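S.K.: Okay, structure incoming, though there's no sequence with it:
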């Protein structure tokens, strides 16, 4: 079994705070879909039981588009999306890598993901929210 370490994270103003359990080395997705490309979002997908919202639930707004499957969560104060429920993994969370404390010190592999052709490629992410 892979050893997990709890990492803290937040939005820019710290009104929204969370923690997530991650292995010592993990993969992050650098997606080129319209919303990730425009916002520069690079994220790690985790099972729901490895993510905990610590503060700020009342300060979150939700944005959906297209099919409405993805639930993009933004801080109402600073506008940062520190996590969301991805359409590819509705049973998990996608945590914005750069919203993690000490993100530059983490051991990650950045995987390009062709979200512009989401329908053809989403299946490659389906396992990410499973234990």
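M.R.: Nice, I can see it. This is a predicted model, so every value here is computed, not measured. Numbers count the residues shown, from 1 in each chain.
S.K.: Could you pull out the helices in this protein for me?
M.R.: Counting by DSSP state H, the chain has helices at residues 34-39, 118-121.
S.K.: neighbouring contacts of the first one?
M.R.: Contacts to helix 34-39, defined as CB atoms under 8 Å, 6 or more residues apart in numbering, come from residues 30-31, 41-43, 65, 72, 81, 115-116. For the C-beta atoms, the positions are set from N, CA and C on the backbone; glycine is no exception.
S.K.: of all the helices of the chain, which lies closest to residue 49?
M.R.: helix 34-39 (24.3 Å; CB to CB).
S.K.: Give the buried residues for the closest one.
M.R.: Residues of helix 34-39 classed as buried: 35-36 (neighbour count, 16 or more other CB atoms under 10 Å).
S.K.: who touches stretch 69-87?
M.R.: Residues contacting stretch 69-87 (CB under 8 Å, 6+ apart): 9-13, 15-16, 18, 35, 39, 41, 43, 45, 51, 56, 59-64, 67, 90, 92-96, 99, 118, 122, 125.
S.K.: Quick check on these: which are buried?
M.R.: Buried among the contacts of stretch 69-87 (16+ other CB under 10 Å): 9-11, 15-16, 18, 35, 41, 43, 45, 51, 56, 59-60, 92-96, 99, 118, 122, 125.
S.K.: so of the contacts of helix 34-39, which ones are in strands?
M.R.: 30-31, 42-43, 72 (DSSP state E).
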